[in-house]
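Just the structure for this:
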Amino acid sequence: MHSSDLHACRTLPELLQARATLHPGRTAAIFVEDNESTSEVTYQELWSQSLAVAKALCGLDPNYQTSGSGDAPRVLLVQPAGLPFLSAFFGAQIAGWIPVPTSYPKPHRPMPRVDAVTRDCDPLAILTTTKSMATIDKTRLSSQAAALPMIAVDSLLPDTGHDASFSFGEAYSADSIALLQYTSGSTNDPKGVIVSQRNIMANIASISPGFRLQFDQTSAISALTTTSWLPFFHDMGLMSGILAPLYAGYRSVLMSPQAFMRRPIQWLQLISDYQASISGAPNFAYELCADRVAPDQMATLDLKHWTLAFCGAEPIRARTLHTFAQRFSSVGFSQASFYPCYGLAESTLLAAGGAGPAVPRVIDVNRNALRDSKIELAVSRSKRDVTSLVSCGSAPQDTILKIVDPQSCIECNERSIGEIWLRGESITRGYWNRPSEDSIVFATLCHEPKRNHRFLWFGNAADAPLAGAQVGKDKLFFRTGDLGFLDNGELFVTGRIKDVVIIRGRNYFPQDIEATVLSLGHPISDRTVAFSVEGPRAEGLAIVVEIARDTPEPAYKTIVRDIRRAVIEEHEIDPRIVMLVRPGTISVTTSGKLQRSACRIAMTNGSLEYRYRWERSGGTESPPLPIPELPAVVSPSDQPEIETQVRDWLRMWFISRVGIEPSEIDFDRRFDDYGLDSLTAVELSGELEDWSGVELTPATAWQHPTITTMAEFVANGLVGRDPSSQDVETIAIESESVASHAWTAAANR
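Numbering: from 1, shown residues only. So this is what the prediction gives:
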């Protein structure tokens, strides 16, 4: 293969080399720091930096060269968002190693996710950055993780010696492992999806038509621009933010999750400033923008170039898309730019999407019929009787999508709910180092109800035995465990098999019940789970709700009564158990998905700690708060008045955002006593920075943990005094860690 023949590239390293050869000076990526300074890298620079990483890795294990002999060693990518991640990711592949992106590093804190992934995939090294290396406390890691050598990729000198002569060996076949993509499962039991080079190239090719990617191999500069704030260790952030733009030759403009969570306007401003045509995020991000961006902040926005706004990774709410489009239409955003989609790590990323951006197709269905696994178009306009569902389009090229009855394995008719089954080159072959009972489930369709020739296989599709004389490996489908139906060939996702609550023969989707509970507001937090429990005679409904830490005990019974009343009224079911728990009790995955099964198990075995339990016998959207008016010219003499204004604003913020009773507000009470979690800390620092102009980070709320000390910090900043003596780099890294974990919690809204 000639190094500039892009269409002949089978792997990502080959593609990067070809890009570097064809247009070396073209900008590959730009990273915008939280202080709005930028750094960028060209394709030639990225290639040279990646070669340096490859050389360093090969020096650690001289017995494993790019010939690919033996098992490819694994290397953890433990670093914050930034351009060094790109050279680490591609450098590992060039060396023939398997990159394993993990969550961002926590400075001077335990990293259970890193420990768990280390146990599972047994890596030989960690790739990180100079700043992160200085703050990683090895005494807080497991002995196995602490013993791994660390390489700071940003300290390596670019390797320009092999630009023209480097050739790829057998390790670079299309079927070689490109990365281990750890799913957002339990921290104690993460599963590494084995993603091959063939999977990635096939999935990006599938993404291209819907995203309208124009494969560019001629122009000297990037044809179009994409933007992303999504975490690099998440499949959506990695594929849509980094790999798809590389494939098409676009310029990728990146920012950190921290920056978005602090001030959502920065994402939209990035799209506007760089005239990006492609960007997207989960549903909660659009909701957060509609909620947090004030009208006066929109004056500098121009979103007319944003022609594809993808939305996926969690349930897509029609109301969210409508509100966002309505809110930002005045600055050029069109609802015809939306691209709702469905995907998962086991299909590399995209599994269903439209032919291109378009006004989302929404159908209103009868909620009662939906519970019975039937799809009936709604006639009533009552909110109680209607559920609005958003189309995720159809399967892309080279992918077959079926809706199948999970019990009989017989394909369903249109408008019949069943399990989503997938087949195609994007489907990964299994989980790393998993016994068969824990691996990916493949199966064949049945065609006759009376004949049980269903064939199930746990593990790698490539290793599956033949299922009888007629069925081979090429007929196997991946069972996603997700529920949905087809209407006019378009996919509508309704939930997951294991999460469906079945009572009196009717199906109840926990997301609907949880939304009802959350809609009650104070003093309920943004996290609640609903699931089924076994009863003396039949299955019942259990609801676990996180409530504010300072909720008085006499209010518990009232809260439970309100929950029962709302659920009975809207869903016609009386919960069997309602438990009120402290914030942070309900566990979530790294991508923000509720772990209902884990909560059910904890309740069943008695390990779920609660503040109140009731058992039957037998996010909200908030507009930005009004902000105080500051003097045109601030002087030191204004400090006392400013502190008073900030204290009053913070008091109002805690009442409105956290749901604290006015009588409970104490200016010298610690924020965490009010239930201020990482997500709330991010929102507090972002909104306060919006009007004060004093640069804040999520970590600031922890360093100045009362209304009094925070007001003093902001006032000092406004009058020109140094607000903090803490090391700036340490604060920045801590903020990155807080935000990277907080953004996933927000996905539950």
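
what does the domain assignment say about this protein?
Listed by automatic domain parsing, the domain ranges of the chain are 6-262, 283-289+308-447+454-499, 501-615, 636-746.

Poorly predicted segments of the stretch 351-500 of the chain, please.
For the stretch 351-500 of the chain, the stretches with pLDDT under 70 are 383, 435-439, 448-454, 462, 466-473.

switch to 80 and redo it
Scanning the stretch 351-500 of the chain for pLDDT under 80 picks out 368, 371-373, 380-385, 434-440, 447-475, 495-500.

Which of the domains of the chain sits closest to Y274?
Among these, domain 6-262 comes nearest to Y274, with 4.9 Å by CB to CB. Where you see a C-beta, it was placed from the backbone N, CA and C, and this is true even at glycine.

And the helices in the stretch 201-350 of the chain, which stretches?
Using DSSP state H, counting those that start in this stretch, the helices assigned to the stretch 201-350 of the chain run over residues 235-238, 244-248, 257-262, 265-273, 283-292, 318-328.

quick one, which of the domains of the chain is nearest to Q269?
domain 6-262 (9.3 Å).

how long is the closest one end to end?
From its first residue to its last, domain 6-262 covers 39 Å (CA to CA, to the nearest Å).

quick one: average confidence on that domain?
The pLDDT scores in domain 6-262 average 85.

How far does it sit from its chain's centre?
Centroid separation between domain 6-262 and its chain, computed with CA atoms, centre = their mean, to the nearest Å, is 17 Å.

Going along the chain, name the strands of the stretch 551-700 of the chain.
Here the stretch 551-700 of the chain has its strands, by DSSP state E, counting those that start in this stretch, at 577-581, 612-615.

Deepest in the core, which of those is it.
Ranked by mean neighbour count under mean count of other CB atoms under 10 Å, the strands of the stretch 551-700 of the chain are led by strand 577-581, which reaches a mean of 22.

Give the pairing partners of it; include direction for each.
According to DSSP bridges, strand 577-581 has the following sheet partners: strand 539-547 (parallel), strand 612-615 (antiparallel).

Pull out the buried residues from the longest one.
Under the neighbour-count criterion of 16 or more other CB atoms under 10 Å, strand 539-547 has G540, L541, A542, I543, V544, V545, E546, I547 buried.

Can you lay out the strands of the stretch 551-700 of the chain as CSV showing mean pLDDT and distance to T11?
As requested, the strands of the stretch 551-700 of the chain are arranged in CSV below (pLDDT from 0 to 100; distance: least, CB to CB, whole Å):
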stretch, mean pLDDT, distance to T11
strand 577-581, 94, 48
strand 612-615, 88, 55
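
which stretch among those strands comes nearest P101?
For P101, the closest of these is strand 577-581, at 31.8 Å, according to CB to CB.

Out of the strands of the stretch 551-700 of the chain, which is closest to I568?
In terms of CB to CB, the element of these nearest to I568 is strand 577-581, at 11.9 Å.

so how far is whichever strand or helix holds E514 off the chain centroid?
Using DSSP states H and E, E514 falls within helix 510-518. The chain centre lies 21 Å from the centre of helix 510-518; the measure is CA atoms, centre = their mean.

ok and that helix relative to strand 539-547, angle-wise?
40 degrees (axes from the mean of the first three to the mean of the last three CA atoms, to 10 degrees).

helices or strands next to helix 510-518 in the packing?
strand 524-534, strand 539-547, helix 556-571 (3 or more CB pairs under 8 Å, 6 or more residues apart in numbering; DSSP states H and E).

Same list (these) but as CSV, adding distance to L389 and mean pLDDT.
Listed next are the helices and strands packed on helix 510-518 as CSV, based on distance: least, CB to CB, whole Å; pLDDT from 0 to 100:
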stretch, distance to L389, mean pLDDT
strand 524-534, 19, 82
strand 539-547, 22, 90
helix 556-571, 17, 81
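
And those: which comes nearest M298?
Each of the helices and strands packed on helix 510-518 has some distance to M298 by CB to CB; the shortest is strand 524-534, at 25.3 Å.

Show me what that closest one is packed against.
Judged by 3+ CB pairs under 8 Å, 6+ apart, the packing partners of strand 524-534 are strand 501-503, helix 510-518, strand 539-547, helix 596-604, helix 728-746.

how big is the angle separating the fourth one from strand 539-547?
What that stands for is helix 596-604. Going by the same axes, to 10 degrees, helix 596-604 makes 100 degrees with strand 539-547.

Using PDB, write out every CA atom in helix 596-604.
Presented in PDB, the C-alpha positions along helix 596-604 are these (Å, rounded to 0.1, in the frame of the first residue of the first chain):
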ATOM      1  CA  ARG A 596     -30.800  -0.700  39.100                       C
ATOM      2  CA  SER A 597     -29.800  -4.300  39.400                       C
ATOM      3  CA  ALA A 598     -27.000  -3.400  41.900                       C
ATOM      4  CA  CYS A 599     -29.500  -1.400  44.000                       C
ATOM      5  CA  ARG A 600     -32.000  -4.300  43.800                       C
ATOM      6  CA  ILE A 601     -29.300  -6.800  45.100                       C
ATOM      7  CA  ALA A 602     -28.300  -4.400  47.900                       C
ATOM      8  CA  MET A 603     -31.900  -4.100  49.000                       C
ATOM      9  CA  THR A 604     -32.500  -7.900  48.800                       C
END
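
R669 contacts T709, correct?
No. The criterion here is CB atoms under 8 Å, and R669 misses it with T709 at 11.1 Å.

rewinding a little: got the strands paired with strand 577-581 as JSON lines, with distance to G280 columns?
As requested, the strands paired with strand 577-581 are exported to JSON lines (distance: least, CB to CB, whole Å):
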{"stretch": "strand 539-547", "distance to G280": "29"}
{"stretch": "strand 612-615", "distance to G280": "40"}
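
Excluding chain neighbours, give the residue nearest to A566 in space.
Once flanking residues are discounted, A566 sits nearest to T516: 5.3 Å by CB to CB, 6 or more residues apart in numbering.

residues near that neighbour, how many?
Counted with other CB atoms under 10 Å, residues neighbouring T516 total 19.

low-scoring stretches of the stretch 501-650 of the chain, by residue?
Applying pLDDT under 80 to the stretch 501-650 of the chain flags the ranges 501-508, 521-526, 534-539, 561, 565, 568-574, 589-593, 616-634.
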